[in-house]
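*Asks:* Predicted coordinates and the sequence they were generated for:
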Amino acid sequence: MVTAGHGQAGVATSGASLALDAALAATSDFAACFDVLELSAASSGFNDVLCRHFIEGYGQADGYERHTLGGPASALLAESAFRRAWPVESYALGRSRPFCWTTSEWPGEQGALARRAMERLAAAGVEGGVSLSVRGPIQRATLVTGFCTVSGLSAFAGDGLDRWQVAVSRFHARLCEVLSPQVTLPDLSRREREILHLTASGLTALAVARELEVAEATIKFHLAGIRKKLGVSKTSGAVAKFQSLTGLLS
């Protein structure tokens, strides 16, 4: 059997990257981007792929998620209890490099809940995979897991993990471009936005009241309404969420 030399392999890799970039450039929403990721995952040797894209700091439920798993495995991913116990995703979010795992051997949490989660995943027909996260700009994060058989993990020996990380990084960059214009603030009034801007600059409620020439109680009333609309319990959380969203829109 004739194998490609390093030069030929480099040309093939470069061609694949160009094709991926071209496919991503033609996308205009999360679903279309995911379709490109799915094709890239399949060509890389994965049977299925899971993607989560969200803004860190105020709840991943506010983001986007899609996967190609079916049957019992798909049902597992819909269970919040399973997702909390599944050790792979939390471990991936704490790393900057992709890693391989199997349902019998994995890094990170090794407690009873994690073991049970992996046992359930194995029972659903999943043997292992590769997981990684990509962050930025602002607080954007993409978490991708490609699922494959244990024998399929051998395809990621050598520079296989590097190639997959490059592909996911390109995917993440395009997602940020596509989704940023779609990120909108909750229905905040002009006065509420003004108060948030002033609060974000470091002013206390009393200082904001003096600046706007209103009572401090009025500012606190508005801040309570803002926290409710943004779904946070503290004013600092409201400021962080507001800054992340306005940063994405700037």
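*Replies:* Arrived safely.

*Asks:* When you work out contacts or count neighbours from here on, use the C-alpha atoms and nothing else.
*Replies:* Fine.

*Asks:* Tell me the buried residues in stretch 38-49?
*Replies:* For stretch 38-49, burial by neighbour count (16 or more other Cα atoms under 10 Å) applies to 38, 40-42, 44-49.

*Asks:* Low-confidence stretches in this structure?
*Replies:* Residue ranges of the chain with pLDDT under 70: 1-15, 57-62, 137-138, 180-186, 243-250.

*Asks:* What are the boundaries of the helices in it?
*Replies:* For the chain, the helices defined by DSSP state H cover 6-25, 30-44, 71-77, 80-85, 87-93, 112-123, 160-179, 190-200, 205-212, 216-230, 235-249.

*Asks:* okay, the ones you listed in CSV with distance to residue 146 next?
*Replies:* Below are the helices of the chain laid out as CSV (distance: least, Cα to Cα, whole Å):
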stretch, distance to residue 146
helix 6-25, 17
helix 30-44, 7
helix 71-77, 13
helix 80-85, 16
helix 87-93, 11
helix 112-123, 14
helix 160-179, 10
helix 190-200, 39
helix 205-212, 48
helix 216-230, 33
helix 235-249, 28
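
*Asks:* Residue 141: which of those is closest?
*Replies:* Ranking the helices of the chain by proximity to residue 141 (Cα to Cα) places helix 160-179 first, at 7.8 Å.

*Asks:* Distance from the closest one to the middle of the chain?
*Replies:* Offset of helix 160-179 from its chain centre (Cα atoms, centre = their mean, to the nearest Å): 11 Å.

*Asks:* Show the secondary-structure elements that that helix is packed against.
*Replies:* Using 3 or more Cα pairs under 8 Å, 6 or more residues apart in numbering; DSSP states H and E, the elements in contact with helix 160-179 are helix 6-25, helix 30-44, strand 128-135, strand 140-148.

*Asks:* now the ones you listed in JSON lines, with distance to residue 74?
*Replies:* Formatted as JSON lines, those follow (distance: least, Cα to Cα, whole Å):
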{"stretch": "helix 6-25", "distance to residue 74": "26"}
{"stretch": "helix 30-44", "distance to residue 74": "16"}
{"stretch": "strand 128-135", "distance to residue 74": "15"}
{"stretch": "strand 140-148", "distance to residue 74": "12"}
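
*Asks:* Residue 56 is nearest to which of these?
*Replies:* Set against residue 56 and scored by Cα to Cα, the helices and strands packed on helix 160-179 come closest in strand 140-148, at 6.3 Å.

*Asks:* Name the residues that touch the closest one?
*Replies:* The contact list for strand 140-148, computed with Cα atoms under 8 Å, 6 or more residues apart in numbering, reads 41, 45-56, 89, 92-93, 126-135, 168, 172, 176.

*Asks:* Same question for stretch 110-129.
*Replies:* 46, 71-73, 76, 82, 85-87, 100-104, 145-150, 153.

*Asks:* same check, this time on stretch 167-180
*Replies:* Contacts for stretch 167-180 (Cα under 8 Å, 6+ apart): 17, 20-21, 24-25, 27-30, 33, 37, 40, 134, 137, 140-142, 144, 248-249.

*Asks:* Which of those residues are buried, as a ChimeraX select command?
*Replies:* Remark: buried members of the contacts of stretch 167-180, expressed as a ChimeraX selection using 16+ other Cα under 10 Å:
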select :17,20,21,24,27,30,33,37,40,134,140,141,142,144,248
